[in-house]
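Student: sequence plus the predicted model coming up.
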Amino acid sequence: MPGYIEDRWLTKRPDPATGKKRKTARYGQGKRYRVAGIPGVRDRSFDTLTGPSGANAWKAKAEHLSTKGEFIDPRDGNMPLREYVDTHWWPAQKADPATLETIKGRVWTHVLPHLGETKLRDIKVGTLRIWLKTLERSIAPGTANAVWGYLSNILAYAIDDERITRNPCKAKTIKAPTVPPQKARAWARDRVIAVKTALHPRYQILVDIGVGAGCRQGEAFGIDADQDIDETAGVIHIRRQVKRVAGKLVFAPPKGGKERTVPLPAYLAAQIRAHRVAFPPQEVTLAWRDSKPPETKKEAEERKPRTHRLLVTNLEGGAIRAWSWNQHYWKKALASAGVIPAPPKRAKGSNEALAYGDTREFGYHALRHTYASVQLDARESVVSVSKWLGHADPSITLRVYAHFMPEADGRGRRAMDAWFAGLDSEKISPDSPQGLQSAVETAPREAVAVPPQGVPDESPQQVSLFAEVVT
C-alpha cells in the first residue's frame, strides 16, 4: 500500500455549495502536512509540501527505503548516548568478567563524560575530532586506541538497532589513535640472574618459570604443584591463571581460554624441586572466573570455588595479587639490579607508595619474550613456539617475535651470492639466452650452496639460559 499525504488544515472533500475545501479545527496550528500509510514507517508531519525538506520529498525517499527494507527513522536517534549505552549496548556485552570490568571502566571514564549527553544522531565527525584531541592528550596511545574502538562498537550497535544510518568513526577524514610499534625485547642472561637474585627467595622460582616455560604472570601464579607439573613426561600443563575481578582474586582459564602443554627443561625441573622443599605448596580456594554472587543455577555451577595446591604463594600462603607483588617485590628487584632507577627516598614515617615511574617495558612479560628469543634462536619451529606461548595463531608469534629469528636475511644474501657465482663460473654473459638457460640449469644443482652453520655477525647470539645451573 503506497503512502499518502494529508492536509490537516483543510478538509479532504470540498464544500458541495462552494466547491472549495473548508478549514478544519486545526487550521493554522502545528505542522500542516502529515505523511502516513507507508509500511513500517511512522507518520511524520511537515510545514511545507514541496522542496527538499517538504512532505513530498520525504515521502518518496521513505517509500523507496521501505521497499528495500532500509528505512531508518531519524527520530530513533534522538536517544542520548549515555541512555543507549546503559539500556541497549552494555546489557548485551559478553566477555569474561575481567575484560568487562576493563571495558566498563574505560567507557564510563573516557567516553560518557564527554559524549554521554549527545544524541546518537548528533554524534558527527566534527564532534569526534574535538573529543579525539582531548582523548589523545590525556591518556596513553594504546588506551586511546582501545577507547576509540569501544565507541565505534557502540555506534555499530546503534546502526544494527536502526537508530543511526552511519558510523562517524569510519569516516575517511578521521583516524583511530595510532599505537606506536614496539618490539618485544629479550633480556640477557646477566640481567635475568641479577633480577632473580634481588627477589625475595620465595619468589625467585617465578623468574625460572617465566624464562623456562614462557608463562604469563597470572599463569605462573596459578600453577598447581601436583596436577600441572609432570616430570616423568617432562612437561608443564598451563590450565589456569590467577586474576583480579571486581577487586577479588579468582581462578580463570589462561588468556583466550587456551590451555596448553609446555616442555619442562631439566634445569627448571630441578629448581622447582628445590623450591618445593624450601616453600611447600599451599592449598588455595578461589571462585572460578567470577566472585560475584550467582543469579542462576548455571552461574552457581560455573563459579563454584576450586581448590589447588599452588606452587608459589604469598607470605601468608594465599594466592598472589599481581599489582601488589609488582609494586613491592618485582620493581624493587628491578631497581636493585639496576634495570630501573631507584625511587626517591621517602621522608621518615611517610606512608606514601614508592614511585618507580613508567616500568611497562620491564614487566614480568619480558621473561616471556626471553623464552621466545631462546627458542627461536635455537631454530625451534614457529608453530611449536606459538603453541607453547598459547598464541591463537602462528602469525601472531611471527608478528611479535620475527626479529628474534636468526639469519633472517643472511641466508638469503648468501643464496643470491651463490646463484650469481654460478653465472660467473660458466663464463657466459648473463644477458644472453645461453647465460639465462645455463643459470636455470646449473643454479639448483651447483650454485646454491648449503648455508654455513653458525650465526652471522648481523644476528645477535643468544645462549640458552639453562645451559648452566645458577644457584
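Tutor: Perfect, I can see it now. As the structure is a prediction and not an experimental result, all values here were calculated from the model. Residues are numbered from 1 along each chain as shown.
Student: how is the chain divided into domains?
Tutor: 4-71, 77-170, 189-341, 410-447 (automatic domain parsing).
Student: contacts only, for the residue nearest to R32 when sequence neighbours are not counted.
Tutor: Leaving aside its sequence neighbours, R32 sits nearest to W9 (Cβ to Cβ, 6 or more residues apart in numbering; 5.0 Å). Every residue, glycine included, has its C-beta placed from N, CA and C. Contacts here follow Cβ atoms under 8 Å, 6 or more residues apart in numbering; on that basis W9 touches K23, T24, R26, Y27, G28, R32.
Student: the strand or helix carrying Y371 - contacts with which helices or strands?
Tutor: For Y371, the host element (DSSP states H and E) is helix 365-377. Applying 3 or more Cβ pairs under 8 Å, 6 or more residues apart in numbering; DSSP states H and E, we find helix 365-377 packed against helix 204-213, helix 382-389, helix 394-401.
Student: rerun at 6 Å
Tutor: When contacts are defined as 3 or more Cβ pairs under 6 Å, 6 or more residues apart in numbering; DSSP states H and E, helix 365-377 packs onto helix 204-213.
Student: which secondary structure elements does the helix it packs on contact?
Tutor: Partner elements for helix 204-213 (3+ Cβ pairs under 6 Å, 6+ apart): helix 189-198, helix 266-278, helix 365-377.
Student: just checking, R368 touches V211?
Tutor: No. In this structure R368 lies outside contact range of V211 using Cβ atoms under 6 Å: 8.2 Å.
Student: in a markdown table: the domains of the chain, plus mean pLDDT and distance to Y356.
Tutor: Shown next, in a markdown table, are the domains of the chain (pLDDT from 0 to 100; distance: least, Cβ to Cβ, whole Å):
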| stretch | mean pLDDT | distance to Y356 |
| --- | --- | --- |
| domain 4-71 | 80 | 56 |
| domain 77-170 | 92 | 17 |
| domain 189-341 | 94 | 5 |
| domain 410-447 | 54 | 39 |
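Student: out of these, flag the one nearest G390.
Tutor: For the domains of the chain, the distance to G390 is smallest for domain 189-341, at 4.9 Å, taking Cβ to Cβ.
Student: more crowded one of R368 and V211?
Tutor: V211 (27 against 23; other Cβ atoms under 10 Å).
Student: so the more buried one versus V195, what's the distance?
Tutor: Separation of V211 from V195 (Cβ to Cβ, to the nearest Å) stands at 10 Å.
Student: and the closest residue to P177 other than its chain neighbours, which of the three is it?
Tutor: Once flanking residues are discounted, P177 sits nearest to A144: 3.9 Å by Cβ to Cβ, 6+ apart. Reduced to three states with DSSP: H, G, I helix; E, B strand; the rest coil, the structure at A144 is helix.
Student: same thing with H308?
Tutor: H308 ends up strand, using three-state DSSP.
Student: any idea how far E63 is from R121?
Tutor: 22 Å.
Student: whoops, I mixed them up, P344
Tutor: Counting by Cβ to Cβ, the gap from P344 to E63 is 72 Å.
Student: these two: who's more crowded?
Tutor: Per other Cβ under 10 Å, whichever of P344 and E63 has more neighbours is E63, with 17 against 8.
Student: and S291, what are its phi and psi?
Tutor: phi -100, psi 0 (degrees, to the nearest 10).
Student: that one contacts V250, doesn't it?
Tutor: Yes. The pair S291 and V250 qualifies as a contact (Cβ under 6 Å) at a distance of 5.4 Å.
Student: show me which of these two is the more surrounded one.
Tutor: Comparing S291 with V250 by other Cβ under 10 Å, the one with more neighbours is V250, at 25 against 17.
Student: touching, that one and V284? I think so.
Tutor: No. Here V250 does not reach V284: they are 11.1 Å apart, not a contact under Cβ under 6 Å.
Student: and the residue nearest to P177, how far from K175?
Tutor: Counting by Cβ to Cβ - A144 and K175 are separated by 12 Å.
Student: those two: who's more crowded?
Tutor: A144 (21 against 10).
Student: tell me which element the residue lying closest to T143 once chain neighbours are set aside falls in.
Tutor: Spatially, and ignoring its direct neighbours in sequence, T143 is nearest to R106 (7.0 Å; Cβ to Cβ, 6+ apart). Per DSSP H and E: R106 is located in helix 97-106.
Student: buried ones in the helix or strand just after that helix, by neighbour count?
Tutor: Next in sequence after helix 97-106, counting helices and strands by DSSP H and E, comes helix 112-115. Residues L112, L115 are the ones in helix 112-115 that count as buried (16 or more other Cβ atoms under 10 Å).
Student: swap in stretch 200-213?
Tutor: Residues of stretch 200-213 classed as buried: R202, Y203, Q204, I205, L206, V207, D208, I209, G210, V211, G212, A213 (neighbour count, 16+ other Cβ under 10 Å).
Student: same question for stretch 96-115.
Tutor: Neighbour counts using 16+ other Cβ under 10 Å place D96, P97, A98, L100, I103, R106, V107, H110, V111, L112, L115 of stretch 96-115 among the buried residues.
Student: could you single out the nearest of those residues to E361?
Tutor: R106 (22.3 Å).
Student: any idea how far that closest one is from G142?
Tutor: Taken as Cβ to Cβ, the span from R106 to G142 is 11 Å.
Student: farthest pair within the buried residues of stretch 96-115?
Tutor: With Cβ to Cβ as the measure, no two of the buried residues of stretch 96-115 lie farther apart than D96 and L115, at 26.7 Å.
Student: all strands for this structure, in order.
Tutor: Along the chain, counting by DSSP state E, strands occupy 4-7, 10-14, 21-23, 33-36, 44-46, 229-230, 235-238, 241-245, 248-252, 260-263, 282-286, 306-310.
Student: nearest to R399 among the ones you listed would be which one?
Tutor: Closest of the strands of the chain to R399 is strand 260-263, at 19.1 Å (criterion: Cβ to Cβ).
Student: ok, residues contacting that closest one?
Tutor: A213, V235, I236, H237, I238, W388, G390 (Cβ atoms under 6 Å, 6 or more residues apart in numbering).
Student: which of those residues sit farthest apart?
Tutor: V235 and G390 (14.0 Å).
Student: tell me which of those two has more neighbours.
Tutor: More neighbours surround G390 than the other of V235 and G390, with 21 against 16 (other Cβ under 10 Å).
Student: wait, the more buried one touches K258, no?
Tutor: Yes. G390 is within contact range of K258, at 4.9 Å (criterion: Cβ under 6 Å).
Student: number of nearby residues for the residue nearest to A333 when sequence neighbours are not counted?
Tutor: Nearest non-adjacent residue to A333, counting by Cβ to Cβ, 6+ apart: A198, 3.9 Å away. Other residues near A198 come to 19 when the count uses other Cβ under 10 Å.
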